[in-house]
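Novice: A predicted structure for the sequence below; I have some questions about it.
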Amino acid sequence: MSEEALPPQAAQPQGSSRRRLQALMVKEYAQIRRDPSTFLIAFVMPMLLLFLFGYAVSLDPRATKIALVVQDESAAAARLTQAYVNSPYFSVRVLRGVAPARDLMTKDEIRGFVVLPPDFGASMAKGAPRPIQIVTDGTQPNQATFIASYAEGVRANWVLGELEARGLRGAAPPIDVSQRVWFNPGLQSRFFLVPGSIAIVMTMIGTLLTALVVAREWERGTMEALLATPVRMTEFIASKVLPYFLLGLASMALCTAIAVTVFGLPFRGSIFALLLIASAFLLPALGLGLFISATTKNQFVASQMALFASFLPTFLLSGFIFEISSMPWPIQAMTYAVPARYLIPALQTVFMAGDVWAIILPNIGIMLLFGFGFFFLCFRATRRSLDS
Amino acid sequence: MTLPNLTRLKAMIMKEILALLRDRKSRMVLILPPLVQLLIFTFATTLDVKNVDIGLIDRSGGAHAQELVQRIQGSPQFRDVIVLPSLRAMEEAIDEQKVIAALIIESDFDSRIARGDVARVGLVLDGRRSNAAQILAGYVNGIAMGYGAELRPEMVKRAGASEVTHWYNPSLDFKWFTLPSLVAIIVSVAGLAITSQSVARERELGTFDQLMVSPMRVHEILIGMMVPPMLVGMFNGILFLVVAKFAFGVPFTGSFLLFLLAMFLYQLSLIGMGLLVSASSMTQQQAFLGSFLATTPLILLSGYAAPIDNMPDWLQVVTYADPIRYFLIIVQGLFLKAMPASVVFHQLWPMAIIAAISLAAAAWLFRARME
């Protein structure tokens, strides 16, 4: 129902707008405080996610279990074995035959194995070492790639050391690639996963929690009661948005503090930029949450919609873990419609690189556009649903 | 405990199945998530790195440098090589994520190669995307090694090499990992979500008390509530197996009977957890949040999101309580490794223990809540 359609006296609500908004906020605050699910989503879930992404989801190889099949008794083979045992990336089990290694791999107890062939030492002494075999478990492709390159790395380094010890010059490969990693020299996956999990936390508060709470009001009919009072539509939406906006920012601040103090993430940007980015993202997140609740008016459906329209895309299609450029083009096209796609690079930049406005500002602009779009839909949906 | 009365049990099961299927909203949960997950997960969740742009500062301009650049340009992982005029421009391009890495070829690159010295190339990587950057560095290293080996074959002879084979998935097709794992993930999400709603729904609707005053025994009620999610999970699991095998060509090398047996135990353990959540929630909303709160760590700790080997030791111990961990090994093994029964059983008994504990706990809580 539009305001124009109201009789003139109804369009002139009594009391000041500020007082009405204040009253609504007090109501919303009481509701948040009394509802255990708010506490769960706004505080328990963020802690859990941060903890899991800080510790459990690590893409950095560390003590990967492999076997070393040593078929050669030479001193050279023993030294290479030692090199593998000393590597921090592998936890090595030394075997004599390929058959037990195959068994262990079937049982999932090792992720790969390296075979030192019988004449390894002899061929090494002759100056033309036989190639070693690296076999990985391809059922986990990412890990298999890492094992192949790290295992070869251990071998190549060891040979270089051996040749140099014998005084042979020019043992190094003719082209040497020396790499430098900016922003994250230790290449810790945690540095990009933890900012990503902050994006998920804000999605959950902005969309999931808002959709649930507002849908419950629709479901119980208290929404109609509210809208029958002299509250204006803008005041009403503001009263729904503001508390969750603040809750989202508070949760973001808490997560950031933990990310920096507990997980040792750098914070090279400014707090101002972070606030700007978070605020710009919360707008589309809240808009979507309100829109979902206004169209579904049912807690269960709203929760499912929020999960599929917002939580999963933020997880999968935002570039948080999975590289967008590697996806097939229809999926790449879909990612442009996911607000979190614009949040992730901005968050990663403000944590690791600093205030690179050339990245931050365009992304903020797009997120704001999404926000206005969702709020427009939300106004329309709320009006229409009152008419029907 | 007496044996369940079959007539009563049948009635209870029918009631639960109807409750699940008659509600439009719950029907949606049965169909939508599996479809969305199948499509999006299969195509989006790849840790491959493809089609990336790389920057280049070529101070040498020589023939060898050009050859190296051309080989990088020609490799399928890279889309464009963007020539950058200065270090300042490089800094900007990386800061603004126009390129994920930049190659710096020194001015003496060609002369050093001609002299037989080590020619140096610098590679600057954007650590904000450290996983992609690392994989990319591997590609560049491989190309440089390959070219170096062609330039000085005698060096390669002296330094040796390694031959890499990937078993079970020779071309490391990511779909061969995603689709089998998806069987485990989708069943866990659906299983927990559906089960956790069951008791909570009765309680919210007020029909829980009616159930209590009926001649139904507690274990009959619980079994009745377990059957629908079990059927839905079986349906989803088998559907995904068929799609993976016939639509995406992922080989299924193991025994189908073992798959069914493993599915059964896996689902029992999940349903036990779902009932536990359900019995401890007062409303459907709490049940939804509870299952969400349980599913997330179960999936992230299972070894699907990241290898368990990479976790700190104390957290690796925690993963032993995660049923998805065991089923993931079984399902990957049955698809790709032709995993024999003895090995499957080795992963089955921990799931059986988890199922027994969670079901017993759920029954206990259910009884306690009745009073």
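Specialist: Looks like it came in fine.
Novice: how close does B:Pro180 get to B:Pro34?
Specialist: Per C-beta to C-beta, to the nearest Å, B:Pro180 is found 15 Å from B:Pro34. Where C-beta positions appear, they are placed from N, C-alpha and C, glycine not excepted.
Novice: and for B:Gly160?
Specialist: Noted for B:Gly160: a distance of 49 Å to B:Pro34, by C-beta to C-beta.
Novice: B:Pro180 and B:Pro34: who's more crowded?
Specialist: Using other C-beta atoms under 10 Å in any protein chain shown as the criterion, B:Pro180 and B:Pro34 rank with B:Pro180 on top: 25 against 22.
Novice: where's the more buried one, which helix or strand?
Specialist: helix B:175-205 (DSSP states H and E).
Novice: report the buried residues of that helix.
Specialist: B:175-204 (16 or more other C-beta atoms under 10 Å in any protein chain shown).
Novice: check those residues one by one and keep those near chain A.
Specialist: B:Trp176, B:Phe177, B:Pro180, B:Gln197 (C-beta under 8 Å from any C-beta of the partner chain).
Novice: now the residue of the stretch 1-150 of chain B found nearest chain A: how far from A:Ser58?
Specialist: Across the stretch 1-150 of chain B, the shortest distance to chain A (C-beta to the nearest C-beta) belongs to B:Gly127, at 2.8 Å. Per C-beta to C-beta, B:Gly127 is found 15 Å from A:Ser58.
Novice: how about B:Met263?
Specialist: B:Met263 is 29 Å from A:Ser58, by C-beta to C-beta.
Novice: can you check B:Gly290 too?
Specialist: As judged by C-beta to C-beta, B:Gly290 and A:Ser58 stand 27 Å apart.
Novice: does B:Ile113 touch A:Pro173 like I think?
Specialist: No - contact criterion C-beta atoms under 8 Å: B:Ile113 and A:Pro173 do not qualify, at 11.5 Å.
Novice: the strands in the chain, which residues?
Specialist: I'll assume chain A. In chain A, the strands defined using DSSP state E lie at A:64-70, A:90-95, A:112-116, A:132-137, A:175-182.
Novice: ah, no, chain B please
Specialist: Under DSSP E, chain B gives strands at B:52-58, B:78-83, B:101-105, B:119-126, B:162-167.
Novice: tabulate those (JSON lines), appending mean pLDDT and mean neighbour count.
Specialist: JSON lines is the format used below for the strands of chain B (pLDDT from 0 to 100; neighbours: other C-beta atoms under 10 Å in any protein chain shown):
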{"stretch": "strand B:52-58", "mean pLDDT": "92", "mean neighbour count": "20"}
{"stretch": "strand B:78-83", "mean pLDDT": "91", "mean neighbour count": "15"}
{"stretch": "strand B:101-105", "mean pLDDT": "93", "mean neighbour count": "24"}
{"stretch": "strand B:119-126", "mean pLDDT": "92", "mean neighbour count": "21"}
{"stretch": "strand B:162-167", "mean pLDDT": "92", "mean neighbour count": "17"}
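Novice: tell me which of those lies nearest to A:Arg19.
Specialist: With distances scored as C-beta to C-beta, the stretch of those nearest to A:Arg19 is strand B:119-126 (51.9 Å).
Novice: just name whatever secondary elements that closest one is in contact with.
Specialist: Counting contacts by 3 or more C-beta pairs under 8 Å, 6 or more residues apart in numbering or on different chains; DSSP states H and E, strand B:119-126 is packed against strand A:175-182, helix B:87-95, strand B:101-105, helix B:109-115, helix B:130-151.
Novice: can you rerun that using 10 Å?
Specialist: On a contact count with 3 or more C-beta pairs under 10 Å, 6 or more residues apart in numbering or on different chains; DSSP states H and E, strand B:119-126 meets strand A:175-182, strand B:52-58, helix B:63-74, helix B:87-95, strand B:101-105, helix B:109-115, helix B:130-151.
Novice: tell me the domain ranges of chain A?
Specialist: A:3-57+A:188-387, A:64-165 (automatic domain parsing).
Novice: and of those, who's closest to chain B?
Specialist: For the domains of chain A, the distance to chain B is smallest for domain A:64-165, at 3.1 Å, taking C-beta to the nearest C-beta.
Novice: where does pLDDT dip in chain B?
Specialist: Residues of chain B meeting the criterion pLDDT under 70: B:1-4, B:23, B:25-26, B:28-33, B:370-371.
Novice: which residue ranges make up each domain of it?
Specialist: B:6-45+B:174-370, B:52-159.
Novice: quick one, helices of the stretch 251-388 of chain A?
Specialist: Per DSSP state H, counting those that start in this stretch, the stretch 251-388 of chain A carries helices over the ranges A:271-296, A:299-306, A:312-316, A:329-335, A:340-348, A:357-387.
Novice: buried residues, the longest one. List them.
Specialist: This means helix A:357-387. By 16+ other C-beta under 10 Å, the buried positions in helix A:357-387 come out as A:359-360, A:363-364, A:366-368, A:370-371, A:373-375, A:377-379, A:381-383, A:385.
Novice: residue in the stretch 151-300 of chain A nearest to chain B?
Specialist: For the stretch 151-300 of chain A, C-beta to the nearest C-beta, closest residue to chain B: A:Asn184, 2.8 Å.
Novice: which parts of the stretch 251-371 of chain B are helices?
Specialist: Counting by DSSP H, counting those that start in this stretch, the helices of the stretch 251-371 of chain B are B:256-280, B:284-300, B:313-318, B:323-332, B:341-370.
Novice: show me how far the longest one is from its chain's centre.
Specialist: Meaning helix B:341-370. In terms of C-alpha atoms, centre = their mean, to the nearest Å, the centre of helix B:341-370 is found 23 Å from the chain centre.
Novice: got it, and the first one?
Specialist: A distance of 18 Å separates the C-alpha centroid of helix B:256-280 from that of its chain, computed with C-alpha atoms, centre = their mean.
Novice: and the gap between the spatially most distant residue from the centre of chain B and B:Ala184?
Specialist: The outermost residue of chain B relative to its centre, with distances by C-alpha atoms, centre = their mean, is B:Arg115 at 50.2 Å. As judged by C-beta to C-beta, B:Arg115 and B:Ala184 stand 57 Å apart.
Novice: is stretch B:54-72 positioned near chain A?
Specialist: Yes - contact of stretch B:54-72 with chain A (C-beta under 10 Å from any C-beta of the partner chain) involves B:His64, B:Leu68.
Novice: would you mark the buried spots in that stretch?
Specialist: Neighbour-count burial for stretch B:54-72 [16+ other C-beta under 10 Å]: B:54-58, B:60, B:62, B:64-65, B:68-69, B:71-72.
Novice: again with stretch B:254-268
Specialist: Applying 16+ other C-beta under 10 Å to stretch B:254-268 flags B:Gly254, B:Ser255, B:Leu258, B:Phe259, B:Leu261, B:Ala262, B:Met263, B:Phe264, B:Leu265, B:Tyr266, B:Gln267, B:Leu268 as buried.
Novice: ok, which of the domains of chain A comes nearest B:Glu150?
Specialist: Per C-beta to C-beta, nearest to B:Glu150 of the domains of chain A: domain A:64-165, 17.1 Å.
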